[in-house]
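Trainee: Coordinates for the following, if possible.
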Amino acid sequence: MKQFSIDLNRSAIRHVKQSLFFILLASVSQFVGGQTPAMPASEAVNAHFTAAQKAQRQDDYATAEREYHEVIAVAPEFAEAHMNLGLVYQLQNRFGEAMAEFSQALKIKPGLTGANFFLGVDYCKLGDGAAALPHLRSAVRANPQRPETWLWLATAQQMSGGTQAEATTLKHALTVHPQNIDLLYLLGQSYERLGKTEVAGLAKIAPASSWSEQLLGESYLTGGDWTFAVIRFQNALALPPPRPGIHVEMGEVLLRARRLEAAAREFDQELQLDSNNVRALVRRGEVKLIQGDAEACMQDWARALAIDAPQAEQVLGLREIGFGDAASERLPEAWRDKAEKLAAWFQDRPDPAAHFAMAFLALQAGSSSDAAAKLASMTLTKSPAASGVCTERALRSELNEHRYSEVSRCLPGATRNLPGSLRIPAAQALFEVGKYEDSLKLLSTLAEKDAHSPSAYYWRARCYEKLAMVAYLHLYQADPDSYRVHQLLGDLDAVKGDDKGAIEEYRAAITQKPSVPNLHYSLGHLLWKNLQTEEARTEFDAELAINPRHAGALHDLGNTYLLEHQPEKALPLLTRAQNAEPQDPELHRDLGSCYTQLRDFRRAEAEFKIAVAADEDGSVHYKLARVYQTLGEKDKAATEFALSAQMNHDSHRKLEQRTDRIKNIQGLAEDSSAGNE
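Mentor: The predicted structure follows:
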């Protein structure tokens, strides 16, 4: 199994809005076939209705439509007839007529489940999630056993901007359908969007803070780019005041990149700032183990266990807190071989740290049962500092000493009397022991000023990231070869820049279920990125057949024609994309380019003037300057050319500086024995 990770950057989740379209038609018979309508007492009505249903089952829609009209002519208040006629229209993609019939059915019988469901679905297809909500809520209340109703309700909530409500709905649905792969995948996506909202909030209030840089570093790390992760962590450490927690994260990045000595220095620096940091103690002990210094390893691990054994176990992936949340990464083979040679030294020692080491070695060898047995045999002496009392004084002491498991035992039950100054540190404690939901609950009780502090945004973002990971791990266990797992693996490969792997995963998902929304777009986007234009267009067309309002497919398809200087084909696609996603500055930029090719320079000017707000390298200012130049507005053109040149110069200077930093980071000595796996 590939390691799951989540990138909260904009590029990773940009076009997830249309999350569910066309799981629909398979559910038509489920919603209608089992219903027994109260038919009017008329043999003629009964005969026409029976004939209509038979024709409908045989896909003879013309006959079914005619027979339902006969029923309605005789019995206009027969709600089920209107609903079934609506379904006939639905199956023929005649959505306007279908909606009219569903609405009429609900005027007669407001609680009609099928009519509420399909009318809600159709409103979603029109992009009107708010109008869909009451109908889908009614359908869920009437029949919570059908996962489709929950899925579409969550979709309507997400379309209406209610991402938190969407997550709540999906969590509730999973109590009814715990193994449903669509619910699990969409829950992970929902948590990612919530995390993205927190990241955006942090960037808005503290764009150049150590919190923002730390979060960006973690994002690069989960995306697999360790050099940029180190750059961001270095940026965070350069911003005063020095904050505990950043050195240890950078050390973990360097350890993963096999820069052993550099990692050890970071763990040492963390412990100088914060001598009780369990994560730093555990990781430094791991480095000592890899280096063959068993005594030093034992000292660090003994100290970590004395502070908080469950937390120490989680750091190394020895304890699952929440389902499958902890996952120990395997060391490089050469490192495992070196560490394994110390097993005999640990074997007969009674110390808890020795049992801890044996458990770690067992897990590295692939034996989770042996690891569990070693942990079970570990006898710990409870520290006198761990009072077991949930007073403010005791909690403050335990937080200061990093006894986070003791803190979590008291929370969230002791939240009401917890001082405001302790709430964010306590939320961090809950996060560190894997209680992400409890951490979010505690963060939700912050006073308004504290709720909008950088640290609050940071910890909420981290909690949502972890909750998404847990949802995806649940998904993997539910069905590891499902189309949703292939889709997820494709998403992760795409984030990491592995286009080939992502394309393979998306194709595997499409082979299993070609009607799943967003799959054709995801595949097409990568094909277009690699200039496989015709193949990409095929996938965009397939996506738009499922969801005509998919902004990403419309945008990319329009750009394929723009690249070929066919602006007359590009314009209607880009305009439709902008209608679906009007706030996207890239669409304004590309519409400006399209109008330029069409020589409609005033419209091009208007689009570029909107797009310059997101210009990072001066390229949009340059396009706008060319428009002014063509229009003969020399002063405006000169201003824009000057802005473009300055921004371009600054961009190149930053790129050169970044390149130098990357070379320095990658030049750090790699452990020669690590090899490559």
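Trainee: From now on I want contacts and neighbour counts done on CA atoms only, so please keep to that.
Mentor: Fine.
Trainee: Let me see the ranges of the helices in the stretch 501-650 of the chain.
Mentor: Assigned by DSSP state H, counting those that start in this stretch, the helices in the stretch 501-650 of the chain fall at 519-529, 533-546, 551-563, 567-580, 585-597, 601-611, 619-631, 634-666.
Trainee: who wins for proximity to I205 among those?
Mentor: helix 585-597 (21.1 Å; C-alpha to C-alpha).
Trainee: how does this structure divide up, domain by domain?
Mentor: 10-176, 199-460, 514-666 (automatic domain parsing).
Trainee: Select, out of these, the one closest to A502.
Mentor: Comparing the domains of the chain under C-alpha to C-alpha, the one sitting nearest is domain 514-666, at 7.9 Å.
Trainee: Give me the mean pLDDT for that closest one.
Mentor: If you average the pLDDT over domain 514-666, you get 94.
Trainee: For the domains of the chain, please prepare a markdown table with the additional fields distance to D491 and mean neighbour count.
Mentor: Shown next, in a markdown table, are these (distance: least, C-alpha to C-alpha, whole Å; neighbours: other C-alpha atoms under 10 Å):
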| stretch | distance to D491 | mean neighbour count |
| --- | --- | --- |
| domain 10-176 | 8 | 19 |
| domain 199-460 | 11 | 19 |
| domain 514-666 | 8 | 19 |
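Trainee: For N547, grab phi and psi.
Mentor: phi -140, psi 100 (degrees, to the nearest 10).
Trainee: And for A372?
Mentor: phi -60, psi -40.
Trainee: Look up how far R393 lies from it.
Mentor: Counting by C-alpha to C-alpha, to the nearest Å, the gap from A372 to R393 is 35 Å.
Trainee: With F233 instead?
Mentor: From F233 over to R393 the distance is 33 Å, taken as C-alpha to C-alpha.
Trainee: Which residues are in contact with E65?
Mentor: 52, 85, 88 (C-alpha atoms under 8 Å, 6 or more residues apart in numbering).
Trainee: quick revisit: export the domains of the chain as a markdown table, with columns for distance to D498.
Mentor: What follows is the domains of the chain, written out as a markdown table (distance: least, C-alpha to C-alpha, whole Å):
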| stretch | distance to D498 |
| --- | --- |
| domain 10-176 | 13 |
| domain 199-460 | 10 |
| domain 514-666 | 10 |
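Trainee: For V433, what are phi and psi?
Mentor: phi -100, psi 10.
Trainee: Leaving out chain neighbours, which residue sits closest to it?
Mentor: Q311 (5.7 Å; C-alpha to C-alpha, 6 or more residues apart in numbering).
Trainee: name the element that neighbour belongs to?
Mentor: Using DSSP states H and E, Q311 sits in helix 294-315.
Trainee: Show me what that helix packs onto, helices and strands only.
Mentor: Applying 3 or more C-alpha pairs under 8 Å, 6 or more residues apart in numbering; DSSP states H and E, we find helix 294-315 packed against helix 278-290, helix 352-364, helix 404-410.
Trainee: could I get these as a markdown table with distance to Q578 and mean pLDDT?
Mentor: Shown next, in a markdown table, are the helices and strands packed on helix 294-315 (distance: least, C-alpha to C-alpha, whole Å; pLDDT from 0 to 100):
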| stretch | distance to Q578 | mean pLDDT |
| --- | --- | --- |
| helix 278-290 | 47 | 96 |
| helix 352-364 | 51 | 92 |
| helix 404-410 | 47 | 90 |
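Trainee: Mind checking those helices for the one nearest to K663?
Mentor: Nearest to K663 among the helices and strands packed on helix 294-315 is helix 278-290 (24.1 Å), distances taken as C-alpha to C-alpha.
Trainee: And for that closest one, what's in contact with it?
Mentor: With C-alpha under 8 Å, 6+ apart as the test, helix 278-290 has contacts from 248, 252, 260, 264, 267-268, 270-271, 294, 296-301, 303-304, 307-308, 311-312, 315-316, 335-336, 338-339, 402.
Trainee: confidence score at the most centrally placed residue in the chain?
Mentor: Compute the mean C-alpha point of the chain, and by C-alpha atoms, centre = their mean the closest residue is E192, 2.8 Å away. On the pLDDT scale, E192 is placed at 94.
Trainee: follow-up on the earlier one: how about CSV for the helices and strands packed on helix 294-315, with distance to A468 added?
Mentor: Below are these laid out as CSV (distance: least, C-alpha to C-alpha, whole Å):
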stretch, distance to A468
helix 278-290, 22
helix 352-364, 25
helix 404-410, 21
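Trainee: list the contacts for R460?
Mentor: With C-alpha under 8 Å, 6+ apart, R460 has these contacts: 195, 198, 440, 443.
Trainee: let's see it at 7 Å
Mentor: 198, 440 (C-alpha atoms under 7 Å, 6 or more residues apart in numbering).
Trainee: and it, what element?
Mentor: R460 belongs to helix 454-478, assigned by DSSP H and E.
Trainee: what's the helix or strand following that helix in contact with?
Mentor: Counting by DSSP H and E, the next helix or strand C-terminal to helix 454-478 is helix 483-495. The contact list for helix 483-495 (C-alpha under 7 Å, 6+ apart) reads 7, 12, 181-182, 185, 223, 475-476, 499, 501-503, 505-506, 508-509, 512-513.
Trainee: now the angle between helix 454-478 and helix 483-495, please.
Mentor: 130 degrees (axes from the mean of the first three to the mean of the last three C-alpha atoms, to 10 degrees).
Trainee: what's the angle between helix 483-495 and helix 519-529?
Mentor: Using the same axes, to 10 degrees: helix 483-495 against helix 519-529 is 20 degrees.
Trainee: how far out from the middle of the chain is helix 483-495?
Mentor: Offset of helix 483-495 from its chain centre (C-alpha atoms, centre = their mean, to the nearest Å): 11 Å.
Trainee: buried stuff in it?
Mentor: By neighbour count on 16 or more other C-alpha atoms under 10 Å, the buried set for helix 483-495 is 483-495.
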